[in-house]
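1. This is a predicted model, with the sequence first.
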Amino acid sequence: MMKTKQIIAYITALIFGITFFTSCVDNDDYSIPPIPPEGFFKETFANVTDASGNPVSATVRPKIDVAMNFDNGAPVTYSDPTGRCDVRLLSGVPCVWFPTSTTLSSSLIVDGLPTEGRTNMTLRYYFNAGVYNAGETSNANKLIVKCNGVEVTVPDIPMTTANSRNTFIPVKIRIPDGTTKIEFDGIPTNNTYGFRISKIEIIENYPWSE
């Protein structure tokens with residue numbers, strides 16, 4: 001009889017423990033944060049090298065048209081008709097640098113994107129406006145973005161030394177179905193301090209309610 005009571009006591013304690021644990025997991029204070037969605041297309045620039053195979057470093061900064069070993073191969077292509085953008089590091093983060101100029105543009109074109117059959121797409125990339133000294137300001141929407149040659153709306157995200165100094169800020173843009181080419185343009189009138197972009201992704205059915 002004693003064994004039966006002990007078994008019942010153990011079962012009761014086990015049920016209580018499971019119920020308590022479940023209630024803790026369901027509680028917002030203990031819940032695990034959701035994993036951010038990842039894209040079906042990703043370019044991190046983390047594997048880029050120069051033509052000799054040297055990885056990007058403080059001294060190795062290959063221009064886009066001669067850089068090798070992007071995350072994506074054919075049919076995806078990377079180009080810069082201005083010949084001014086290069087891949088470099090910012091605080092150890094590989095990125096594309098759009099140099100400042102009062103007269104010259106700079107650009108990165110990613111073409112041949114594998115978007116066939118994809119719908120409700122979101123472009124996400126990480127952006128740094130190059131502001132460094134006190135009083136310098138910029139905005140995420142100063143980097144022009146085009147999809148298949150048509151300019152799309154970039155969100156208004158102010159960049160200051162408080163949030164953008166040596167820091168990348170995520171930018172999310174809804175892009176049209178059928179987009180196979182995305183162009184990032186740093187035009188002279190907007191590019192006062194230089195721009196950097198890193199980790200470009202295209203995500204299908206991004207949960208914009210986040």
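-> Nice, thanks for sending it over. Note that the structure is a prediction, hence the values are computed from the model and not measured. Numbering: from 1, shown residues only.

2. tell me the helices in this structure, going along the chain?
-> In the chain, the segments counted as helices under DSSP state H are 2-26.

3. how about the strands of it, start to end?
-> 41-43, 77-79, 86-90, 93-98, 106-111, 121-128, 137-139, 144-147, 150-151, 158-160, 169-175, 181-186, 195-204 (DSSP state E).

4. Paired strands for the shortest one, with orientation please.
-> Pairing partners of strand 150-151, with direction, according to DSSP bridges: strand 144-147 (antiparallel).

5. cool, and the fifth one?
-> Strands flanking strand 106-111 in the sheet, each with its direction: strand 77-79 (antiparallel), strand 181-186 (antiparallel) (DSSP bridges).

6. picking that back up, any chance of TSV for the strands of the chain, columns mean neighbour count and mean pLDDT?
-> C-betas here are computed from N, CA, C, even on glycine. Output for the strands of the chain, formatted as TSV (neighbours: other C-beta atoms under 10 Å; pLDDT from 0 to 100):
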stretch	mean neighbour count	mean pLDDT
strand 41-43	20	97
strand 77-79	17	98
strand 86-90	20	97
strand 93-98	23	98
strand 106-111	21	98
strand 121-128	22	97
strand 137-139	18	96
strand 144-147	18	98
strand 150-151	10	98
strand 158-160	18	95
strand 169-175	16	96
strand 181-186	21	98
strand 195-204	21	97
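
7. do you know which of the ones you listed lies nearest residue 59?
-> Within these, the stretch nearest residue 59 is strand 86-90; the backing value is 9.7 Å (C-beta to C-beta).

8. what's the angle between the closest one and strand 195-204?
-> For strand 86-90 against strand 195-204, the angle by axes from the mean of the first three to the mean of the last three C-alpha atoms, to 10 degrees is 100 degrees.

9. which secondary structure elements does strand 86-90 contact?
-> Using 3 or more C-beta pairs under 8 Å, 6 or more residues apart in numbering; DSSP states H and E, the elements in contact with strand 86-90 are strand 93-98.

10. Indicate which one of the strands paired with strand 106-111 is closest to residue 137.
-> strand 181-186 (16.5 Å).

11. how close does the residue nearest the centre of the chain get to residue 135?
-> In the chain, the centroid-proximal residue (C-alpha atoms, centre = their mean) is residue 125; its distance is 3.0 Å. Distance, residue 125 to residue 135, using C-beta to C-beta, to the nearest Å: 26 Å.

12. and if you look at residue 105?
-> Distance from residue 105 to residue 135, by C-beta to C-beta: 26 Å.

13. ok now do residue 118, which residues does it touch?
-> 40, 177, 202, 204 (C-beta atoms under 8 Å, 6 or more residues apart in numbering).

14. Nearest to residue 185, out of those: which one, please.
-> residue 202 (18.3 Å).
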